[in-house]
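Student: sequence-free structure coming up:
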């Protein structure tokens, strides 16, 4: 049973560029959330997707956008990159309608903005 | 709004001794509480959760956590620490609504010495 998979593992971008990160949820899961973990901090919630719609959003600017596909996989897009966007981006998957279900995380995508 | 406090940046313990990593939370309604572990340059690995029922929850790798509603705490414990337990530990909370946003603490680094 494959867990949550993310790609790419590492990437380096230049300020002002755009980046797309990808996530495949754990088999059987229908909900994908994205988190940003800056160095030395706890993960911060960016947004959550269910049924191909953004359901909940954290305190992140509109430069952060996402998408969920019919197969439940998801993309995180960040436009006009800033140095402060350098972080580990974590994808989490879960089952929407199961109360108290476990939320599983992927290994993350390390983004460095130079 | 939910919040989590992990009052200790680092916990030091000798191998074979019991360990405790502290967590207190604030949430409206019934809390769903989680502990995750993060090894260097890795994603988050689920350890255990409290949803309802018995206040003592057992999880992976011999870890357990005690839910205390009156003290709004969810401390992580292990009777006998291993050097391999050295890692970064995160406590997280979500409320009991349909939204699955996790709010994380700042993390506690556990260092187990031989």
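Tutor: That came in fine, so what should we check first? Note that this is a predicted model, so its numbers are computed, not measured.

Student: For the residue lying closest to residue A:66 once chain neighbours are set aside, which residues are in contact?
Tutor: Ranked by C-beta to C-beta, 6 or more residues apart in numbering or on different chains and with sequence neighbours excluded, the top spatial neighbour of residue A:66 is residue A:76, at 5.1 Å. Just so you know, the C-beta spots here come from the backbone N, C-alpha and C atoms, and that holds for glycine as well. By C-beta atoms under 8 Å, 6 or more residues apart in numbering or on different chains, the residues touching residue A:76 are A:20, A:21, A:22, A:23, A:34, A:46, A:64, A:65, A:66, A:89, A:91.

Student: are any of these buried, and which?
Tutor: Buried subset of those (neighbour count, 16 or more other C-beta atoms under 10 Å in any protein chain shown): A:21, A:23, A:34, A:46, A:64, A:65, A:66, A:89, A:91.

Student: backbone phi and psi for the residue nearest to residue A:66, please?
Tutor: phi -120, psi 130 (degrees, to the nearest 10).

Student: on that earlier part again, give me the subset of the contacts of residue A:76 that lies in strands.
Tutor: Mapping the contacts of residue A:76 onto strands (DSSP state E) picks out A:20, A:21, A:22, A:23, A:34, A:46, A:64, A:65, A:66, A:89, A:91.

Student: Those residues of chain B touching chain A, which are they?
Tutor: B:32, B:34, B:36, B:41-46, B:49, B:51-52, B:90, B:96, B:98-107 (C-beta under 8 Å from any C-beta of the partner chain).

Student: Please, a ChimeraX command that selects the buried ones among those?
Tutor: This is the ChimeraX syntax for the buried subset of the residues of chain B next to chain A, where burial follows 16+ other C-beta under 10 Å:
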select /B:32,34,36,43,44,45,49,51,90,100,101,102,103,104,105,106,107
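
Student: helix, strand or coil for the residue nearest to residue B:10 when sequence neighbours are not counted?
Tutor: Distances taken as C-beta to C-beta, 6+ apart place residue B:109 nearest to residue B:10, at 4.5 Å, with adjacent residues excluded. Assigned by DSSP: H, G, I helix; E, B strand; the rest coil, the conformation of residue B:109 is strand.
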